[in-house]
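**Student:** Fold the following for me, if possible:
(one chain, ligands or ions: 3)
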Amino acid sequence: MPAIVLLGAQWGDEGKGKVTDLLGEQVDYVVRYSGGNNAGHTVITPDGQKYALHLMPSGALSPSAMIVIGNGVVVDPKVLLEEIDGLAARGVDVSRLRISGDAHLIMPHHRALDKVTERYLGKAKIGTTGRGIGPAYGDKVARMGIRLQDLLDPGILRKKLELALREKNQTLFKVYNRTAIDVDTVIAEYLEYAERLTPYIAETRVMLWDALDRGENVLLEGAQATMLDMDHGTYPFVTSSNPTAGGACIGAGIPPTAITKVIAVSKAYTTRVGSGPFPTELFDANGEHLRKIGHEYGTTTGRERRCGWFDAVVARYACRLNGVTDLVITKLDVLTGLEKVPICVGYEIDGKRYDDMPMTQTAFHHATPIYEELDGWWEDITKARTEDDLPENARRYIARIEEICRTRVSVVGVGPGREENVVRTPLI
Ligand code: GDP
Ligand code: IMO
Ligand code: MG
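**Tutor:** Ligands and ions are numbered 1, 2, ... in the order given. As a prediction, this is how the structure comes out:
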């Protein structure tokens, strides 16, 4: 039963979309298991076409894979339909999509609340994507969410929405001074979505179990990343779901025993969007180099990504937490031309050395990185396809990451295209 998890090892945008696309032709199913349209996965297909996917699994761009949105995802139906239409217009066969009836819907009040709560937090804001993710997961946990399956029963849809809005409208109006949301308008809008989405709604669990029984490959594509995990990340500066490997089982309905491989994707440096601690963040010319050469601007919101050196404490934490079998290090090409390429191997916190993540949020906020300075390289590595094609210093950099993380680096990305990789060990 080969289920493979692919997830982010840092704070997101590691290049998960590219790696999923790379594996697309070797897998039978690609399943999104968490998050929503806060994700932005960029894929550049061999014909040079660029896609930015938010809800659709990146496997959509591999013609043979079935594509599934699992129960753990929160779905904004408007965004999903726009994405379906956009892909169809570019010749992608979207009839392969199935969505779990248990996936929760993002409703207009979720988007409204995401925006006003952020504004009220002021300086303490999370820096969310404003897509309604937190409020939608909040309602799920509070057992007042509305699910994809509710679109199939207009009576239930209305009942649930009326109940939700009775409370949310009070909050919007009385606490945040916003206009109340009209039930009838939302019902009319969502029934239109229902008509179009009904053919895609399915019992995806059974589909995936049957596929696994047949010995087919199921790839569970993560969105967000380990350090944005609600339980294991830099809380409260996280997203409201569990992008880690455990979350893949929950969000797709697949048993842990079915998982044979966990692939973690990490950049050769670090980026973060939104607020929250980031010990290796750079505010100098090196940070500018990473942002400029790495084109570090968000796929979803267009925000500038914060940039910094590779943090091996975070990487090792992600490897142990997720049981990572294979690391993919992307964007090594972006480091070309730097005299030194430091790796953060520990933190100094209030006079004490830490080799692992400290226990408290306060301590992590005080962390000063301890660096090991490796020599850089100047050679263009974008055409490298085997390890021998890489300059010695680049090989040494990768070997050091491997050593600290105690996890093999199987693939190294040297460019955004599907083929632009050094494959040390095939992933499948
Ligand atoms: P995701 O959210 O993890 O799928 O990552 P994003 O798509 O948001 O951001 C990763 C960016 O890096 C995209 O623009 C990719 O095209 C690009 N990318 C991925 N791998 C590489 C690589 O090895 N080298 C370079 N230069 N760019 C890459
Ligand atoms: P992909 O899948 C990077 C960040 C936001 C914010 C925090 C909470 O492309 O890697 P949310 O809207 O989820 O409530 O925002 O999480 N964030 C991401 N950062 N990549 C992402 O997804 C992200 N999804 C959410 O910037 O700091
Ligand atoms: Mg992204």
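**Student:** Please report the distance of the one residue in the chain that gets nearest to ligand 1 from Lys140.
**Tutor:** Ligand 1 sits closest to Gly413 of the chain, with a gap of 2.3 Å, by Cβ to the nearest ligand atom. C-beta coordinates here come from the backbone N, C-alpha and C atoms, glycine included. Separation of Gly413 from Lys140 (Cβ to Cβ, to the nearest Å) stands at 34 Å.
**Student:** who in this protein is up against ligand 1?
**Tutor:** Contact residues (Cβ under 6 Å from any ligand atom) of the chain with ligand 1: 8, 12-18, 40-42, 44, 299, 330-331, 333-334, 413-416.
**Student:** elements contacting the longest helix along the chain?
**Tutor:** Secondary structure of the chain per DSSP state H: the longest helix is helix 154-170. The helices and strands touching helix 154-170, judged by 3 or more Cβ pairs under 8 Å, 6 or more residues apart in numbering; DSSP states H and E, are helix 108-121, helix 183-197.
**Student:** Looking at Gly413 and Lys140, which is more packed in?
**Tutor:** Gly413 (24 against 20; other Cβ atoms under 10 Å).
**Student:** so what's that one closest to, chain neighbours aside?
**Tutor:** Thr330 (3.5 Å; Cβ to Cβ, 6 or more residues apart in numbering).
**Student:** Return the residues in contact with the one you found.
**Tutor:** Residues in contact with Thr330 (Cβ atoms under 8 Å, 6 or more residues apart in numbering) are Glu14, Gly15, Lys18, Val19, Val265, Ser266, Lys267, Ala268, Val412, Gly413.
**Student:** so how far is Pro426 from it?
**Tutor:** The spacing between Thr330 and Pro426, counted by Cβ to Cβ, is 17 Å.
**Student:** just Pro358 next, same as before
**Tutor:** 37 Å.
**Student:** got it, and Ile187?
**Tutor:** Using Cβ to Cβ, we find Ile187 at a distance of 50 Å from Pro426.
**Student:** circling back: in strands only, show me the contacts of Thr330.
**Tutor:** Among those, the ones falling in strands (DSSP state E) are Val265, Ser266, Lys267, Val412, Gly413.
**Student:** The fourth one - how many residues pack around it?
**Tutor:** Per other Cβ under 10 Å, the neighbour tally for Val412 reads 27.
**Student:** Need the nearest residue in space to it, chain neighbours excluded.
**Tutor:** Nearest to Val412 is Val422, by Cβ to Cβ, 6+ apart, at 4.3 Å.
**Student:** is it fair to say the one you found lies in a strand?
**Tutor:** Yes - assessed by DSSP: H, G, I helix; E, B strand; the rest coil, Val422 belongs to a strand.
**Student:** circling back to that earlier point, and the residue of the chain closest to ligand 1, what is it in contact with?
**Tutor:** Gly15, Lys18, Val19, Val328, Ile329, Thr330, Lys331, Leu332, Asp333, Glu420, Asn421.
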